[in-house]
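> Sequence first, predicted model second:
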Amino acid sequence: MTTLRLLPWTTPEGNPCYLSTDNDESRLSLLADDVEEAQLRSGEQVLAGAKAVLADAKAGERAVRFALTRAAESLGDVLRIAASRGARIQMTDCRGE
């Protein structure tokens with residue numbers, strides 16, 4: 001059964017991209033897995049940096065705004081990954097696997 005996978009990137013216009021495949025080992029599936037892993041690693045680094053900025057009482061507005069901007073970007077990536085993986089888990093449950 002082919003399902004649509006929400007990919008971890010968007011079109012140039014900001015619209016979601018989907019992959020229709022029943023092969024989790026296809027080139028595009030593996031690329032999407034790699035991008036998701038890179039986004040999660042980046043999110044961990046952004047979180048650590050944001051915590052450091054928040055812990056620094058001398059951090060100025062510019063540093064706080066930068067940290068918050070990067071944190072918001074990373075949160076968007078993580079939420080997209082969660083939605084994609086959650087949909088795939090639900091489809092697996094529906095197929096009885």
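Nice, thanks for sending it over.
> just the strands in this protein please.
With DSSP state E as the criterion, the chain has strands at 3-10, 16-21.
> what's the distance between the shortest one and the middle of its chain?
Averaged C-alpha coordinates place strand 16-21 at 15 Å from its chain's average position (Cα atoms, centre = their mean, to the nearest Å).
> now the angle from it to strand 3-10?
Counting by axes from the mean of the first three to the mean of the last three Cα atoms, to 10 degrees, strand 16-21 lies at 140 degrees to strand 3-10.
> low-confidence ranges in this structure?
Regions of the chain meeting the criterion pLDDT under 70 cover residues 1-2, 90-97.
> Nearest the middle, which residue of it would you pick?
The chain has Asp77 as the residue nearest its centroid, 3.0 Å off, counting by Cα atoms, centre = their mean.
> Who are the contact partners of it?
Residues in contact with Asp77 (Cβ atoms under 8 Å, 6 or more residues apart in numbering) are 8, 39-40, 42-43. C-betas here are computed from N, CA, C, even on glycine.
> right, and the strands of the chain - which one's nearest Val35?
Distance to Val35, taken as Cβ to Cβ, is lowest for strand 3-10 among the strands of the chain, at 4.6 Å.
> Show me what counts as buried in the closest one.
Buried positions in strand 3-10, judged by neighbour count with 16 or more other Cβ atoms under 10 Å: 3, 5-8.
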